[in-house]
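Asks: just need the structure, nothing else, for what follows:
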Amino acid sequence: MKKILLVLVVTSFFSCRKDVGPQTNNNSTETEAFYDVLIACEGNFGTGNGSLSLYSSSSNEGLNNYFDQQNNYSLGDVVQSIASIDENLYIVVNNSGKIEIIDSANFISQGVITGFTSPREIVKISNYNAYVTDLYSSSIQVVDLNTKNITSNIVVSGWTEAVLVQNNYAYVSCPGASLIYKIDVSTHELVDSISTAASPLDLVLDKNNKMWVICSGNWGANDGTLERIDLSTFVTEQVIQLNSSASELCINNDLDKLYWLANGVNNLDVDQTSVINSIVNSGSGYFYGLGVHPNSNDIYISDAIDFVQAGKLFRFNSQGDALDSTTLGINPHAIFFK
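Replies: Predicted structure coming up:
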């Protein structure tokens, strides 16, 4: 939902789960091919045509509008993000103010969580609870994972986006206030905060137990940053000026290389922070989502094109060589790997 004049992000989640989506069977080898890449397609704002696209990295095939086909109704207005929690997929639908819960194997609805203002991401923070960030509510919603109801909220200063859970604390980015909150997940109490550059968005944890934050910067100022925070002291150790607007921070499965969007795809070794590499140039495209496959390290990019027509998914190898592409739904954004 880029109509709010800031580049929004969604953190991609890696998990080891049962096969997702429709299965195909080779009669000679009886080897299953499955759709291991899911893309949240926002749709056109206000029209309720958000959708879910699937892609198979083994067969290079894609499926669009799969949730609609399985459930005979549309996902809703602005499909924002995807999370895996307890053998189900949780699909956050921003402008519809809801979270659809679906079976990860057949995509059949398992229920809906409602009562949100404008949800962004859902993240499991314990065996019993999850946090849901929000664009407009000035609070983080606490959801009971057993009853699937909102049980309480944590008051904050405006829009909240990404959540990273580590050692009994949840770290939450607050783009409007340029803060990262530290919350005790056992009590849901806000215990600390730290200032960042303008508009902190995604949060990832590296192999050195350092948290990285990408800040998109002020609108039109090209002053985005990458910032490294020591979680043991909750102090900012390093700020890297990117000289551009930036978004979509993610990390590879070895937790040693960062990737983000800024005039294309860039990466950075977490141990060699003076060298930023440009991997893929965006050219005339509008790169909107980014992910790195946890098994192959292939780079997946969603292209919104003009925010009206169907978008594209592009796949590159880790060196930035183009592999293939497929057509997706409208405004493809968050990329999720199972």
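
Asks: where in the stretch 51-200 of the chain is pLDDT low?
Replies: Low-confidence segments of the stretch 51-200 of the chain (pLDDT under 70): none present.

Asks: I'd say D86 and A130 touch.
Replies: No - at 9.8 Å, D86 does not count as touching A130 under the criterion of Cβ atoms under 8 Å. Glycine gets a C-beta too; all of them are placed from N, C-alpha and C.

Asks: which of the two has more neighbours?
Replies: Taking D86 and A130 together and counting by other Cβ atoms under 10 Å, A130 has the greater number of neighbours (24 against 11).

Asks: elements contacting the helix or strand containing the more buried one?
Replies: In this assignment (DSSP states H and E), A130 forms part of strand 129-134. With contacts taken as 3 or more Cβ pairs under 8 Å, 6 or more residues apart in numbering; DSSP states H and E, strand 129-134 sits against strand 119-124, strand 139-144, strand 149-155, strand 169-174.

Asks: now do the shared contacts for D86 and A130.
Replies: K124, L145 (Cβ atoms under 8 Å, 6 or more residues apart in numbering).

Asks: give me the distance between the two termini of stretch 141-149.
Replies: Across its full length, stretch 141-149 reaches 10 Å end to end, with Cα to Cα, to the nearest Å as the criterion.

Asks: on that earlier part again, quick one, the strand holding A130 and strand 119-124 angle?
Replies: Regarding strand 129-134 and strand 119-124, their directions subtend 160 degrees when assessed with axes from the mean of the first three to the mean of the last three Cα atoms, to 10 degrees.

Asks: hmm, who's touching strand 129-134?
Replies: For strand 129-134, the external contacting residues (Cβ under 8 Å, 6+ apart) are 85, 90, 92, 99, 116-125, 140-145, 150-151, 154, 159-163, 170, 172, 183, 185.

Asks: over to F67: give its phi and psi.
Replies: With angles defined as degrees, to the nearest 10, F67 shows backbone torsions of phi -60, psi -40.

Asks: where along the stretch 201-338 of the chain do the strands fall?
Replies: In the stretch 201-338 of the chain, strands defined by DSSP state E, counting those that start in this stretch lie at 210-215, 225-230, 235-241, 247-251, 257-261, 264-269, 276-281, 287-292, 299-303, 310-316, 322-330, 332-337, listed in chain order.

Asks: show me the contacts for the closest residue to S325 other than its chain neighbours.
Replies: What sits nearest to S325 in space, not counting adjacent residues and going by Cβ to Cβ, 6 or more residues apart in numbering, is F314, at 4.7 Å. Under the criterion of Cβ under 8 Å, 6+ apart, the contact list for F314 reads Y300, I301, S302, D303, A322, D324, S325.

Asks: and Y288, by the same measure?
Replies: Counted by Cβ under 8 Å, 6+ apart, Y288 has contacts K2, S302, D303, A304, G311, N331, P332, H333.

Asks: identify the residues contacting the fourth one.
Replies: Residues near A304 by Cβ under 8 Å, 6+ apart: Y286, Y288, G311, N331, P332, H333.

Asks: apply 10 Å and report the result again.
Replies: Under the criterion of Cβ atoms under 10 Å, 6 or more residues apart in numbering, the contact list for A304 reads 2, 41-42, 285-289, 310-312, 328, 330-333.

Asks: of those residues, buried ones?
Replies: Buried positions within the contacts of A304, assessed by neighbour count (16 or more other Cβ atoms under 10 Å), are 2, 41-42, 285, 287-289, 310-312, 328, 330-333.

Asks: so the closest residue to T327 other than its chain neighbours versus T326, what's the distance?
Replies: The spatially closest residue to T327, leaving aside those adjacent along the chain, is A310, at 5.4 Å (Cβ to Cβ, 6+ apart). As judged by Cβ to Cβ, to the nearest Å, A310 and T326 stand 10 Å apart.

Asks: now do the shared contacts for those two.
Replies: A shared contact of A310 and T326, defined by Cβ under 10 Å, 6+ apart, is any residue touching both; here these are S53, N64.

Asks: tell me the strands beside the host helix or strand of D192, with direction?
Replies: Under the assignment given by DSSP H and E, the secondary-structure element containing D192 is strand 189-195. Sheet pairing for strand 189-195, assigned by DSSP bridges, gives strand 179-184 (antiparallel).

Asks: now find how far off-centre the partner strand is within its chain.
Replies: Here the centre of strand 179-184 is set off from its chain's centre by 19 Å, with Cα atoms, centre = their mean, to the nearest Å.

Asks: which other residues reach that strand?
Replies: Strand 179-184 is contacted by residues 125, 131, 140, 154, 156-158, 160, 162-165, 168-174, 189-196, 200, 203, 211, 213, 227, 229, 231, 234, 236 when judged by Cβ under 10 Å, 6+ apart.
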